[in-house]
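>>> Have a look at this prediction, sequence included:
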Amino acid sequence: MSKIKIAIQKNGRLSENSILLLEECGIKFSNGHSKLKTEAKNFPIEILFLRDDDISQYVEQNVADIGILGENVVLEKNRDIKIIEQLNFGHCRLSLAIPKEETYTGIGFFNNKKIATSYPGILKSFCKTHEINVEIEEISGSVEIAPGIGLAHAICDLVSSGSTLLTNGLKEVEVVLRSQAVLVANKNLDSGKQETLDKLLFRLKAVKSASENKYILLNSPDHAIKKICSILPGMKSPTILPLAEKGWSSLHSVIKEDDFWEVIDQLKKAGAEGILVIPIEKMIL
Ligand code: PRT
Ligand code: ZN
């Protein structure tokens, strides 16, 4: 197993979660803010702290073997690297937005309009797919002010809560791309590095599955067990243990985080009591 180098964002929206993810994979390293790189103490990996814009280039050129960055940046830079895994954080969308007082008539609205963006590559291919003819004004930051200062009719920018658009008098009208942080890799890793990457990936998947699922425990009257089991989409079948109180059992299972409010309502209706939902630290499938 050879040492690999991973590039993560030095300072920005993805930094904290990238570090946290590596730590959750059991990788220990010191991450003082001024550092350019650091070596893990208990895993053959070196961590490089870089600007997100540079990561795909460095992974392509073998300066780093793998990296964590937004899918939006990977697609925009269009380097010869591969996306290995979506990481479930840094969620955002690249969207088209227009002044809120304008009436939106559909994608044809943008025909012959000027759109300001930091994502000219993605926008260009979106416009080609939708057969619209636009003028793209590439700017590197503060895209949301472009319509207000008369630089463009519309913008194409990243949105998460939507509050930046709102405070700048804009409304989101089309989603161009949905994005999240991804793990990328160089296409030509040797077998020693691939072995290390596989080991890291195994851990990453265990952490990711755990964060997407919850462990659920509940008490059920025995007559309701069948109904409750049919509601619980468990890993296999739920564990059922008799309670000290006659006629009652304890059921344990795993549910998807996304499903859990809906399922909990159904469980209560079916007679479940004392429902506990507990985070899972690691989940090996
Ligand atoms: O210094 P460096 O070049 O490394 O960082 P950066 O400033 O280029 O990137 P950074 O840290 O802002 O973002 C890194 C990545 O986080 C992006 O490439 C996305 O993949 C992801 N991400 C998730 C976001 C957002 N959410 C986001 N909301 N990146 C930027 N924004 C900005 C957006 O550009 C807009 O200005 O936040 C504003 C909108 O946010 P809301 O919540 O008001 O809608
Ligand atoms: Zn950047």
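Thanks, I have the structure now. Numbering: from 1, shown residues only. Ligands and ions are numbered 1, 2, ... in the order given.
>>> Any stretches of the chain with poor pLDDT?
33, 234-235 (pLDDT under 70).
>>> same thing but 90
Across the chain, the ranges flagged by pLDDT under 90 are 1, 30-35, 232-238, 256-265, 285.
>>> Who are the contact partners of the residue lying closest to Leu200 once chain neighbours are set aside?
Distance criterion Cβ to Cβ, 6 or more residues apart in numbering; nearest residue to Leu200, sequence neighbours excluded, is Cys25 at 6.6 Å. Bear in mind the C-beta positions are built from the backbone N, C-alpha and C, glycine included. By Cβ atoms under 8 Å, 6 or more residues apart in numbering, the contact set of Cys25 is 43, 200, 203-204, 207.
>>> now, which of those lie close to ligand 2?
By Cβ under 5 Å from the ion, no member of the contacts of Cys25 lies near ligand 2.
>>> Kindly provide the distance from the residue nearest to Leu200 to Asp53.
To Asp53, Cys25 is 25 Å away according to Cβ to Cβ, to the nearest Å.
>>> Got phi/psi on Ile83?
Note on Ile83: backbone dihedrals following degrees, to the nearest 10 are phi -90, psi 120.
>>> Would you mind confirming that it makes contact with Val182?
Yes: counting by Cβ atoms under 8 Å, Val182 is a contact partner of Ile83 at 5.0 Å.
>>> of these two, who's got more company?
Val182 (22 against 13; other Cβ atoms under 10 Å).
>>> where does that one land in three-state SS?
strand (DSSP: H, G, I helix; E, B strand; the rest coil).
>>> got the domain boundaries for this protein?
Per automatic domain parsing, the structural domains of the chain span 4-89+181-189, 92-179, 213-279.
>>> Touching both of Ile83 and Val182, which residues are there?
71, 74.
>>> mind listing what's buried in the helix or strand harbouring Trp261?
Trp261 belongs to helix 260-270 when assigned by DSSP states H and E. For helix 260-270, the neighbour count (16 or more other Cβ atoms under 10 Å) marks 260, 263-264, 267, 270 as buried.
>>> So which elements touch it?
Judged by 3 or more Cβ pairs under 8 Å, 6 or more residues apart in numbering; DSSP states H and E, the packing partners of helix 260-270 are strand 213-221, helix 225-231, strand 273-279.
>>> What are the contacting residues of that helix?
Residues outside helix 260-270 that contact it (Cβ under 8 Å, 6+ apart) are 214, 216, 218, 220, 224, 227-228, 231-233, 255, 275, 277.
>>> ok, and the most crowded of these?
The residue in those with the most neighbours, by other Cβ under 10 Å, is Ser220 (25 neighbours).
>>> for the residue in the stretch 51-200 of the chain positioned nearest to ligand 1, phi and psi?
Going by Cβ to the nearest ligand atom, ligand 1 is nearest to Gly70 of the stretch 51-200 of the chain, at 2.1 Å. The phi/psi pair for Gly70 (degrees, to the nearest 10) reads phi -70, psi 140.
>>> returning to what we had before: a markdown table for the contacts of helix 260-270, including distance to Ala146?
Putting those into a markdown table (distance: Cβ to Cβ, whole Å) gives the following:
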| residue | distance to Ala146 |
| --- | --- |
| Lys214 | 43 |
| Ile216 | 48 |
| Leu218 | 53 |
| Ser220 | 58 |
| Ala224 | 59 |
| Lys227 | 57 |
| Ile228 | 55 |
| Ile231 | 50 |
| Leu232 | 50 |
| Pro233 | 46 |
| Ile255 | 44 |
| Ile275 | 50 |
| Val277 | 45 |
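>>> Serialize the helices and strands packed on helix 260-270 to JSON lines and add fields for distance to Lys100.
JSON lines is the format used below for these (distance: least, Cβ to Cβ, whole Å):
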{"stretch": "strand 213-221", "distance to Lys100": "39"}
{"stretch": "helix 225-231", "distance to Lys100": "43"}
{"stretch": "strand 273-279", "distance to Lys100": "40"}
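>>> Export those as a markdown table, with columns for distance to ligand 2.
Output for the helices and strands packed on helix 260-270, formatted as a markdown table (distance: least, Cβ to the ion, whole Å):
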| stretch | distance to ligand 2 |
| --- | --- |
| strand 213-221 | 32 |
| helix 225-231 | 45 |
| strand 273-279 | 32 |
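>>> Now render these as TSV, adding distance to ligand 1.
Shown next, in TSV, are these (distance: least, Cβ to the nearest ligand atom, whole Å):
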stretch	distance to ligand 1
strand 213-221	23
helix 225-231	35
strand 273-279	23
